[in-house]
Each structure stands twice: as C-alpha cells, then as structure tokens.
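Trainee: Here's a sequence, model it:
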Amino acid sequence: MNPSAATAAPRPIDIALLTSVFIIAACGLLYELAAGALASYLLGDSVLQFSTVIGTYLFAMGVGSWLSRYFDRQLPAHFLRIELLVALVGGALPAVLFLANAYVPSAFRVLLYGMVLLVGTLVGLEIPLVMRILKRNVRFKEVVSQVLTFDYLGALAVSMAFPLLLVPHLGLVRTGLLFGFMNAAVAVWALWLFRHELRRLRAHALACVAVMLVLLAGVWGAEHITRFAEDKFYQDSIVISSASPYQRIVVTSGRAGHRLYLNGNLQFAEHDEYRYHEALVHPAMAAHGNPKRVAVLGGGDGMAVREILKYPGVESVTLVELDPAMTRLFSENPILRRLNGDALTNPKVRIVNTDAFQWLQEGQDTFDVIVVDFPDPTNFAIGKLYTSSFYALLDQRLAASGYAVVQTTSPLVARKSFWTVVNTIKSVGLTARPYHAHVPSFGEWGFVIASRRPWRLPDALPPGLRFLDAASLPLLFDFPRDMARVDTEVNRLSNQVLVHTYEREWGVVH
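Mentor: Numbers count the residues shown, from 1 in each chain. Sure, this is the predicted structure:
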C-alpha cells in the first residue's frame with residue numbers, strides 16, 4: 001500500500017461505501033425489529049419473542065461474519081449479490097410471515113426463525129466485505145472506526161424511526177418492502193461504482209432491475225397483502241385496521257356485528273360486549289352509592305366509560321389509555337362512536353394517553369371508583385399491571401370509601417391465574433371480592449372488587465341494563481367447585497409468576 005494513501009482524503013467511492021454501510025445497518029436492524037414485532041403480535045409474550053429473535057439474529061450475523069473468510073475474489077460482485085438477497089428476503093419477511101400465519105400457522109415458528117437466520121447470516125456477510133473493499137485505500141484502523149461509526153448511526157436512526165414513524169404510518173409489510181428496496185438501491189449503487197470490475201455486468205444489472213421491480217410491486221400492493229392475510233385470519237371482513245407503536249388494531253364486521261382485535265386477540269364482540277362491560281362496571285359503581293370521581297385504566301374503546309356515564313352523579317371520568325391510536329379511533333370513527341355511545345367525546349371525560357403504572361406513581365388525586373380494564377397478562381409488559389406493586393399504587397389512589405374493580409381472565413379456563421390476581425390484591429392489604437359472569441364470546445369470565453371497606457350488594461342498578469338486575473347480581477359471586485379458590489403465589493414485579501401461569505393454562509386450550 002502506498003504510504004501517502006494512508007493520509008489521503010477519502011475518495012468518492014469510499015464515501016459512497018460508508019453511506020452504504022449506514023443504509024445496510026438501518027435495513028438490517030429494521031428486519032430484526034420487524035421479526036420481533038411480528039412474533040410478539042402473533043405469538044404473545046413480547047419479552048420472550050424479542051429476546052429469542054434478537055439472539056437468533058445476532059448468532060446468524062456471527063455465522064455470516066465467519067463465512068466471509070471464504071470470499072476471496074470478486075468482492076464487489078459478492079457484495080452486490082448479497083445485497084440483492086438481503087433486499088428480497090428481508091424486505092419480504094413481514095409479508096411472508098403475515099401470510100404464513102393466516103394460511104399455514106403450524107409452520108409460522110419454523111419460517112420465522114428460518115428467515116431470521118437467513119437474513120442475519122446475509123447481513124453478517126455485508127460489513128466484512130465492505131471493510132475489505134475499503135481497505136484497498138484506507139488504513140485498517142480507520143476502516144474499522146469509520147465502518148462501525150456509520151453502522152451504529154444507521155442502527156440508531158432506524159431504532160427511533162421504527163416505532164415512532166414507520167410502523168404507525170406505513171405498517172409492517174410496506175416498511176419491510178421499502179427497506180428491501182433501499183438494500184436493492186445499495187446494490188444498484190455498487191453496480192455503478194464497480195462497473196469496471198464486475199464480470200457479467202449485464203446479468204448483474206438485470207438482477208438489480210428484477211429485484212427492484214418485485215419490491216416496488218410489493219410496496220404498491222402492500223395493503224392488499226395485509227388485507228389478504230388478515231381476511232383469512234379473522235374470517236369476518238375487516239372494516240378498520242391500524243398499526244400503532246404498541247399494537248395492531250383490527251375491527252371486523254360479520255353476522256355477529258363488529259369485533260375488536262388487538263394483536264390478533266379478541267377484545268370484544270358487539271353482540272355480547274354489554275354482558276362483559278355491565279359486569280365490569282356496575283357491581284362496584286352501584287355499591288359505592290354516590291361515585292363522583294371515576295378513573296378507568298385501559299379500556300380505550302370507551303365501553304366501560306359508556307356504562308359509568310349511566311350514573312348522573314358522576315362529575316368526572318379520567319380515562320388512562322397507553323395507546324393514543326385507540327382513543328383516537330374510538331373518539332372519531334362513526335362506527336366505533338356508535339358502539340360506545342359517544343362516551344369519549346362526553347365533556348365529563350378526560351383522556352390521558354400514558355402508562356397506567358407511571359400515572360399511578362406520579363399523581364395525587366383520589367377516586368371513588370377505579371375500573372381496571374387491561375388486556376390479559378400475556379407478557380411481562382402487561383403482567384406488571386397485575387403485580388402487588390401495581391395494586392399498592394392503586395390503593396393509594398382510592399378514596400377511603402372507594403372501590404376498584406379489575407378484569408381478571410377466566411376462572412374456569414385459567415383458574416390458578418384468576419386466584420393469583422385475587423391473592424395478589426389481598427397481599428397489599430385490600431379486601432378482594434371475586435365474581436364472574438358468562439360472556440359467550442369469552443366463556444366464563446372473572447372480575448375482582450378491591451377496597452378498604454367490605455363490598456355490599458347495591459340497593460339498585462341503573463335503568464336500562466340488558467344483563468344485570470338486582471335479582472341476578474348475587475349469583476355472580478357464587479363459585480362452583482370447578483372454579484373454587486386455589487392456593488397461589490403472589491404476583492410480584494420480581495417474579496411475574498402470573499405470566500407463566502397464564503401462558504401454561506391458556507396454552508392448553510389453544
């Protein structure tokens with residue numbers, strides 16, 4: 001190597017290659033994030049899925065880096081071909097996995113980890129090849145520092161953009177295809193930069209054009225791909241679909257009316273949701289006697305708020321919902337506003353889009369009734385909202401005579417999970433009064449009233465209820481033998497036993 005080359009200013013070709021490193025890193029991390037997000041959407045337990053996907057991906061990158069030692073000649077040609085393969089496989093990853101989940105769900109896990117291994121191996125090959133190409137003109141020490149700098153910058157850029165911009169505005173399928181197109185663009189750039197070194201230039205050019213056309217067609221048809229997969233998965237026709245940084249929101253319409261799904265899990269069905277929401281709200285609200293200040297944690301669909309507003313004496317309702325996409329949809333969409341009776345636009349209602357755990361920690365206000373309507377504890381992020389730490393915070397925000405009510409999964413299907421929640425509430429010094437109701441879409445479903453004073457049967461219920469009345473209410477608190485109390489551990493932040501118990505019990509059913 002010429003000593004003067006060590007201090008020479010970077011050539012345009014070197015700048016172009018370093019820019020390619022930035023794009024390569026961004027694309028590689030995006031495919032990793034997309035695989036993790038899809039796994040958590042469709043398989044649940046986001047911590048487990050992201051951990052295993054990231055671990056598999058990093059292992060595959062190591063394999064790719066090791067394999068790069070066998071590429072000795074025609075490095076630009078190898079780099080170009082690898083870019084095209086990454087563009088095709090990585091770009092198509094979300095679309096292929098969505099379709100696999102809908103049509104061959106038994107093969108989803110194998111395909112998921114197979115594609116992660118393949119993409120990771122290809123991405124692991126990219127950087128070593130770029131470094132060896134750059135080393136022709138730059139000292140090794142400078143090559144390493146420059147490549148790693150651009151690599152980390154690309155990773156930072158996409159890690160910020162993925163949850164905040166890309167998924168909410170483009171969706172996973174279109175985002176994957178768009179970044180595949182960016183990988184293909186790097187291949188085209190390499191074709192131009194190394195046109196004098198490449199053998200079979202015409203064949204490489206045709207491959208670049210073919211890959212870019214395939215990806216462009218995919219971007220154009222991304223919405224059709226998503227709908228095609230989801231129509232098969234959900235059976236009923238999809239009338240609303242939206243992706244937020246937190247979840248995939250889908251509303252379907254069929255013979256039984258509208259249904260809401262979050263990450264593929266049914267949240268309510270129009271034909272029987274009134275049974276669930278009446279059972280959730282009224283035993284606590286009516287028993288209080290004169291609730292004025294009410295909070296709802298979760299429940300961004302507004303159905304619980306609708307039931308709360310049936311009490312004229314209520315002065316304010318604070319709805320704490322993490323996902324602004326949920327409250328926006330159920331505040332603005334005419335179909336969804338009809339379902340919740342325009343509850344979220346009522347002047348008594350204040351919407352706070354934040355994490356409920358954090359909201360309990362930071363606030364000082366107390367409430368007469370707090371309705372806790374979170375999804376089931378399918379992962380550790382939700383499981384923390386069922387821990388003794390959470391219920392201790394809940395206690396602090398309850399007025400002295402207040403009641404909190406918690407939706408608590410099925411005491412029939414997930415008997416131990418249900419009683420784990422009951423025992424966890426009792427562990428912080430609150431009384432816990434469990435009850436259950438039959439909701440056809442879910443089966444037997446459970447709830448717990450938590451308070452400092454004993455719960456008593458209310459004297460009356462609001463008029464116009466479709467499910468509950470004074471005569472049937474006591475029956476909800478009677479547990480037959482197959483749902484009777486069992487001994488359980490307390491669910492703490494340090495152990496999260498509920499998530500494991502829930503997964504084990506519901507996994508048998510599914």
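
Trainee: Any stretches of this structure with poor pLDDT?
Mentor: The model of the chain has pLDDT under 70 over residues 1-17, 44-46, 134-147, 508-510.

Trainee: Could you chop it up by domain?
Mentor: 3-230, 236-268, 270-509 (automatic domain parsing).

Trainee: Residue 498 versus the closest residue to residue 64 other than its chain neighbours, what's the distance?
Mentor: Take residue 64 and drop its neighbours on the chain: the residue closest to it by CB to CB, 6 or more residues apart in numbering is residue 124, 2.2 Å away. Every C-beta, even on glycine, is put in place using the N, C-alpha and C of the backbone. Distance of residue 124 to residue 498, given as CB to CB, to the nearest Å: 38 Å.

Trainee: So for these two, which residue has more residues nearby?
Mentor: Using other CB atoms under 10 Å as the criterion, residue 124 and residue 498 rank with residue 498 on top: 29 against 23.

Trainee: Assumed the more buried one was part of a helix.
Mentor: Yes: according to DSSP: H, G, I helix; E, B strand; the rest coil, residue 498 belongs to a helix.

Trainee: element containing residue 250, please.
Mentor: Assigned by DSSP states H and E, residue 250 belongs to strand 248-254.

Trainee: What residues does the closest residue to residue 272 other than its chain neighbours make contact with?
Mentor: Leaving out its chain neighbours, the residue that sits closest to residue 272 by CB to CB, 6+ apart is residue 440, at 4.9 Å. By CB atoms under 8 Å, 6 or more residues apart in numbering, the contact set of residue 440 is 269, 271, 272, 275.

Trainee: same deal with residue 389?
Mentor: 492, 493.

Trainee: Next up, phi/psi of it, please.
Mentor: Here is the backbone geometry of residue 389 (degrees, to the nearest 10): phi -60, psi -40.

Trainee: Give me the distance between it and residue 463.
Mentor: For residue 389, the distance to residue 463 - CB to CB - is 39 Å.

Trainee: And residue 302, by the same measure?
Mentor: Remark: distance between residue 302 and residue 463 (CB to CB) = 21 Å.

Trainee: same thing with residue 278?
Mentor: Residue 278 is 13 Å from residue 463, by CB to CB.

Trainee: Among those two, which residue is more densely surrounded?
Mentor: Neighbours per residue, other CB under 10 Å: of residue 278 and residue 463, the larger number sits with residue 278, 21 against 6.

Trainee: Quickly find the element holding the residue nearest to residue 99 when sequence neighbours are not counted.
Mentor: Counting by CB to CB, 6+ apart, residue 99 lies nearest to residue 229, which is 4.9 Å off, once chain neighbours are set aside. Using DSSP H and E, residue 229 sits within helix 222-234.

Trainee: What are the buried residues along that helix?
Mentor: Across helix 222-234, burial judged by 16 or more other CB atoms under 10 Å covers 222, 225, 226, 228, 229, 230, 233, 234.

Trainee: Double-check the fourth one against residue 99; I have them as touching.
Mentor: Yes: proximity of residue 228 to residue 99 meets the contact threshold set by CB atoms under 8 Å, at 7.3 Å.

Trainee: Strands along this protein, start to end?
Mentor: 237-243, 248-254, 257-262, 265-269, 293-298, 316-320, 349-352, 367-373, 398-407, 431-439, 443-451 (DSSP state E).

Trainee: now the last one: how far from the chain's centre is it?
Mentor: In terms of CA atoms, centre = their mean, to the nearest Å, the gap separating the centre of strand 443-451 from the centre of its chain is 25 Å.

Trainee: Buried ones in stretch 91-105, by neighbour count?
Mentor: 91, 92, 93, 94, 95, 96, 97, 98, 99, 100, 101, 102.

Trainee: Next: stretch 480-498.
Mentor: Buried residues in stretch 480-498 (16+ other CB under 10 Å): 483, 488, 490, 491, 496, 497, 498.

Trainee: Next, give me the two most distant ones among the residues you listed.
Mentor: Largest separation among the buried residues of stretch 480-498 by CB to CB: 483 and 496, giving 23.7 Å.
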